[in-house]
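Participant: task: produce atomic coordinates for the following.
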Amino acid sequence: MQKAVTPDETRRELRLEQLRQEIQTTQEAKQAARLAMSTERRAGIEAYEHEIKLLQMSTGIFPPSLEDQAKQALVDRTAWTCEWCAWCGTDSAPETPVYRARVSYRWGQGFREVLAPVCLGACTLRAYSRYDCKRHCENCGREVHLATWGGRAFCCGRCAYEAAKRRTQSTVPTPAGSAPTVPDAS
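Facilitator: Numbers count the residues shown, from 1 in each chain. Predicted coordinates for the structure are as follows:
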C-alpha cells in the first residue's frame, strides 16, 4: 500500500528540487571556470583536492551530499527571508504572523540548529506545544510568535541585519576634535 503524498510534501520536494538545480548549476560553473585556468594552477588545485579526499577517506568525514546541501539551503534561506515554512515549504504571505521555531538539520558529522519560521498548524505543533511570547518585529512590525521570552524579536534574518545596521550607523562616533556641523541662521 502506497503512502498518500500531501500537498505540503509536494511543495517541499519542489523547493528542494529547485535548490538542487541551483547547487548543480553553481558546481558546473565552478568546473567550467576551472577548465579555463592555466594548466599549472589547475594541477595545483587537483593535487590539493586529492589530498583532501585522502584525508576524508582516512577520517571518515565526507562533505554533505547534494540532498543535504539542498535541505541546508532551504532552512537557511527560510531563516533569512521568511518566504516559506522551513519544514513543509508552505508559502508565507508578508502580512501573516510568523511562528519561529528551532529547526535542526545535518551539518557535516553533526547537526546545526537555526531559528526559522514555520507555518501555523501541524508544523507549529511539531515544534512546540504553545507559543508564549507574541511581539512585533523590531524592523518591519510584522507579528512574531516565539516559544520563549527574552531577547529581541525579528521575523527573519534580513530584518535583524537591517536593524543592526541601522543601530551601528546611529552610534558611529564623530572624529576626534570635530564638532557636528550646524547650518547658519542667517
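
Participant: which secondary element of the chain has the worst mean pLDDT?
Facilitator: The helix or strand of the chain with the lowest confidence, counting by mean pLDDT, DSSP states H and E, is helix 122-127 at a mean of 68.

Participant: look up the closest residue to the residue nearest in space to the middle of the chain, ignoring the ones flanking it.
Facilitator: Nearest to the mean C-alpha position of the chain, by Cα atoms, centre = their mean, lies Asp76 at 1.8 Å. Nearest non-adjacent residue to Asp76, counting by Cβ to Cβ, 6 or more residues apart in numbering: Val114, 6.7 Å away. The way it works is simple: take the backbone N, C-alpha and C, and place the C-beta from them, glycine included.

Participant: for that neighbour, grab the count of nearby residues.
Facilitator: 19 (other Cβ atoms under 10 Å).

Participant: let's verify it: helix, strand, or coil?
Facilitator: Following DSSP: H, G, I helix; E, B strand; the rest coil, Val114 is assigned to strand.

Participant: for it, give its distance to Glu17.
Facilitator: Using Cβ to Cβ, to the nearest Å, Val114 is found at 21 Å from Glu17.

Participant: which parts of the lengthiest helix in the chain are buried?
Facilitator: Ranked by residue count and defined by DSSP state H, the top helix of the chain is helix 7-35. Judged by neighbour count using 16 or more other Cβ atoms under 10 Å, the buried positions of helix 7-35 are 8, 11-12, 15-16, 19-20.

Participant: what does stretch 58-78 give?
Facilitator: By neighbour count on 16+ other Cβ under 10 Å, the buried set for stretch 58-78 is 69-78.

Participant: stretch 102-122 now?
Facilitator: Buried, per 16+ other Cβ under 10 Å, within stretch 102-122: 103, 105, 114-120.

Participant: among these, which one sits closest to Lys53?
Facilitator: Nearest to Lys53, judged by Cβ to Cβ, of the buried residues of stretch 102-122 is Tyr105 at 24.5 Å.

Participant: so the closest one is in contact with Trp87, correct?
Facilitator: No - contact between Tyr105 and Trp87 fails when scored by Cβ atoms under 8 Å: they sit 10.5 Å apart.

Participant: and after the longest helix of the chain, which helix or strand comes next?
Facilitator: helix 39-59 (DSSP states H and E).

Participant: any chance you could list what contacts the helix or strand harbouring the residue nearest to the centre of the chain?
Facilitator: Assigned by DSSP H and E, Asp76 belongs to helix 66-81. Contacts to helix 66-81, defined as Cβ atoms under 8 Å, 6 or more residues apart in numbering, come from residues 12, 15-17, 19-20, 22-24, 64, 83-86, 89, 103, 105-107, 112, 114-117, 156-158.

Participant: over to stretch 44-53?
Facilitator: Against stretch 44-53 from outside (Cβ under 8 Å, 6+ apart): 34, 37.
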